[in-house]
Structure formats: structure tokens, C-alpha cells
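Novice: Let me see the structure of the following:
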Amino acid sequence: MKWVTALLEVLIGLAGGLVVGGGLSMLFIALDIVPRLVVLSGRRKHVLVVKLSILAGTFLSALVYVMDVKFSMGKFVIPIIAVFMGMFVGMLASALAEVLGVLYVVSSYAGIIKFIYILVFAIIMGKIVGSLIYWLAPGFY
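Specialist: Modelled structure (predicted):
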């Protein structure tokens, strides 16, 4: 009877992982993140490298999460990781906002259309600072 419970747990875990992974993949596809990164960076010949790095990052993060791997990092490494996390979340939020046209609507109603670059910079910095607080402040991680 224990093997039935274990099998059910495995099936539920796989189903949940497929749903979350499929949803994230569809978000990346809907926001055109990979093609935009390639075009903006001017590295059209490295499309496969970008796709494989996203796939490898997804696989490694899932593996670390499932295996409950612990890393002992110094206090100097954590802010670097936090900055990269903030950059990723900021890029994702900016892409989502761009697709929805939120920035244009907000800036036109507020009358700051010529200062939209400040709004984008504020969003990105907010994501980076939030990520730094998450990693460095006790009790958040």
C-alpha cells in the first residue's frame, strides 16, 4: 500500500511540475523574451546558446529545489546573486508591462511621457533592491 501512495505522490509532483513549467514557458513565448534578448544583444548567431542556457537554468533550479541542496556562500557572493535575480525579475516585469501597454498608459495619464525612461529605471531598481532585501535581510530567506 505504501508504493501506491509513493506512486501517487510522484504523479502529482510530475503533474504540478509540468503545469508550472508549461505556464512559465508560455509566458516566455507570449512575451517574446528570447527573441528580444537576441535582437537587443545583437547576437543572432547565438540563439541556440540563449535557449540552452534558459533550459539549463530551469533544470538546475528544479534539481536544487527537489534535492534540497545547500550552498555555503560568503556574504560577498549573495549580493551578486541578488542583483542577477533582480535583473531577471525586472526584465520579466518590464516585458510584461510592455506587452500590456501599461507604461504608456500610466505615463500619459500622469503627464510624464517624456520621462518614461525614469519610470523604467525605477521599476528595474525597485526589483533589484527588493531582491537584495530578500537575500540580505534576516527572516526573508
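Novice: just checking, what packs against the biggest helix by length in the chain?
Specialist: Across the chain, the helix with the greatest residue count (assigned by DSSP state H) is helix 2-31. Judged by 3 or more C-beta pairs under 8 Å, 6 or more residues apart in numbering; DSSP states H and E, helix 2-31 is in contact with helix 47-67, helix 77-100. Every C-beta, even on glycine, is put in place using the N, C-alpha and C of the backbone.
Novice: Need those helices in TSV (columns: mean neighbour count, distance to Lys127 and mean pLDDT).
Specialist: Shown next, in TSV, are the helices and strands packed on helix 2-31 (neighbours: other C-beta atoms under 10 Å; distance: least, C-beta to C-beta, whole Å; pLDDT from 0 to 100):
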stretch	mean neighbour count	distance to Lys127	mean pLDDT
helix 47-67	11	18	78
helix 77-100	15	4	76
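Novice: Quick one: those helices as CSV, columns for distance to Ile118 too.
Specialist: Converted to CSV, the helices and strands packed on helix 2-31 look like this (distance: least, C-beta to C-beta, whole Å):
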stretch, distance to Ile118
helix 47-67, 29
helix 77-100, 14
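Novice: which stretch among those comes nearest Lys2?
Specialist: helix 47-67 (20.3 Å; C-beta to C-beta).
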